[in-house]
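1. The sequence and its predicted three-dimensional model are supplied below.
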Amino acid sequence: QVQLVESGGGLVQAGGSLRLSCAASGRTFSTYAMGWFRQAPGKEREFVSAISWSGVTTYCADSVKGRFTISRNNAENTVSLQMHSLKPEDTAVYYCAAGSISDSRSYSDAYKYDYWGQGTQVTVSS
């Protein structure tokens, strides 16, 4: 069982930066792939970024590539999403997720994740 708690969301102007963090409970954190997803009002949840259990491999959606960076610290049971050059279209609730995913091609599939946080709101004003 893994419990996830996100933090770091807030209101920022376009072009600004935010750093989201996700703290995980449980001693098996280092065995899970971790992902960030987001959901804007009236839209479906979409993949943002993911990182392998070791932290060696990372993936980003094309919409955030070059602006967002995912990282993890297995010693501290945390995963972070550094967001730069934020745009109004990045406005959404951001969710952290953990999954026992062996195939990296599935990292963008929300259904492959077993545990989810409660989400943190990110609002980017124009």
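-> Received it, and whenever you're ready, just let me know what you need.
2. wait, what's in contact with the residue nearest in space to the middle of the chain?
-> In the chain, the centroid-proximal residue (CA atoms, centre = their mean) is Trp36; its distance is 2.0 Å. Neighbouring residues of Trp36 by CB atoms under 8 Å, 6 or more residues apart in numbering: Leu20, Cys22, Val48, Ser49, Ala50, Ile70, Val79, Leu81, Tyr94, Tyr95, Cys96, Ala97. Backbone N, C-alpha and C define where each C-beta goes, glycine included.
3. who touches the residue lying closest to Gly10 once chain neighbours are set aside in this structure?
-> Nearest non-adjacent residue to Gly10, counting by CB to CB, 6 or more residues apart in numbering: Leu18, 6.4 Å away. Taking CB under 8 Å, 6+ apart as the criterion, Leu18 is in contact with Gly8, Gly9, Gly10, Val12, Met83, Leu86, Val122.
4. quick one: which helix or strand includes the closest residue to Asp90 other than its chain neighbours?
-> Nearest residue to Asp90 in three dimensions, chain neighbours excluded: Val124, at 5.1 Å (CB to CB, 6+ apart). Assigned by DSSP states H and E, Val124 belongs to strand 120-125.
5. List the pairing partners of that strand within its sheet, with orientation.
-> Its sheet considered, strand 120-125 pairs with strand 10-13 (parallel), strand 92-99 (antiparallel) by DSSP bridges.
6. what residues does it touch?
-> If you take CB under 8 Å, 6+ apart as the criterion, strand 120-125 is touched by 6-14, 16, 18, 20, 38, 83, 86-94.
7. pLDDT and distance to Lys112 added to the contacts of Trp36, as TSV?
-> Formatted as TSV, the contacts of Trp36 follow (pLDDT from 0 to 100; distance: CB to CB, whole Å):
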residue	pLDDT	distance to Lys112
Leu20	98	21
Cys22	98	17
Val48	98	15
Ser49	98	15
Ala50	98	10
Ile70	98	16
Val79	98	16
Leu81	98	18
Tyr94	98	18
Tyr95	98	14
Cys96	98	14
Ala97	98	9
